[in-house]
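Enquirer: I'd like to go over a predicted model; first the sequence, then the structure.
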Amino acid sequence: MQQQLTGLLCEFATTIGLPEPDKLAGGAPFRVNGFTFAFGEQSKKQHASILLFVDFGAIPDGNKAAVYYRLLRENYLEFPTRNGTYCVSSLTGNVVCARALSVATLSVDMLTVTVAQLAEQAIWWQREYADGREYVTPAPMRRPAFILPLRTRPSIVS
């Protein structure tokens, strides 16, 4: 599986024109549309999935409460559907989006599209939050139906 992953990442790097594609599998950062990306292994034993990180940028001082609220809300709503999460880097203080990708189903095309989508999402985030405007933190919302516990009727299958 490790050879498959290394080959996939080298092919991806070559496809998008990155120099030194062999360094990508080792976690070397790369830039797309001005945003820094990096890959990381989620499980060293199984190599079942990898994490794709993208640095969205700094949180402006005048907007921190609203941004933190938005990150928590997005984590709550997005994780079940996209297998991604937002965090704040302990090194830079920047917002980072981490997306888990299954190696078994991953292709160069899928990886290219995912990176492009995350770059667009980072552009949107900077447009909405990077200018430091004050946003009113919205009132808590009702829990979406798809996250509510399922009501099941247990039965024995024979």
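Expert: That came through, no problem.

Enquirer: which strands and helices sit next to the lowest-mean-pLDDT helix or strand in the chain?
Expert: One helix or strand of the chain scores below all others by mean pLDDT, DSSP states H and E: helix 64-82, with a mean of 78. Contacts defined by 3 or more Cβ pairs under 8 Å, 6 or more residues apart in numbering; DSSP states H and E place helix 64-82 against strand 84-88, strand 95-102, helix 108-129. Yep, even glycine has a C-beta here, placed from its N, CA and C like the rest.

Enquirer: for Leu77, which of those is the nearest?
Expert: strand 84-88 (10.8 Å; Cβ to Cβ).

Enquirer: distance from the closest one to the middle of the chain?
Expert: 7 Å (Cα atoms, centre = their mean, to the nearest Å).

Enquirer: who touches that strand?
Expert: Residues outside strand 84-88 that contact it (Cβ atoms under 8 Å, 6 or more residues apart in numbering) are 56, 59, 71, 74-75, 78-79, 94-100.

Enquirer: who does that strand pair with, and is each partner parallel or antiparallel?
Expert: strand 95-102 (antiparallel) (DSSP bridges).

Enquirer: what are the buried residues along the strand it pairs with?
Expert: Val95, Val96, Cys97, Ala98, Arg99, Leu101 (16 or more other Cβ atoms under 10 Å).

Enquirer: what pLDDT does the model give the second one?
Expert: In this prediction, Val96 carries a pLDDT score of 92.

Enquirer: between strand 95-102 and the least confident helix or strand of the chain, find me the angle.
Expert: If you take axes from the mean of the first three to the mean of the last three Cα atoms, to 10 degrees, helix 64-82 sits at 10 degrees to strand 95-102.

Enquirer: tell me the angle helix 64-82 makes with helix 108-129.
Expert: Using the same axes, to 10 degrees: helix 64-82 against helix 108-129 is 160 degrees.

Enquirer: buried set for helix 64-82?
Expert: Ala66, Val67, Arg70, Leu71, Glu74.

Enquirer: ok, so of the residues you listed, who is nearest Gly26?
Expert: Leu71 (28.6 Å).
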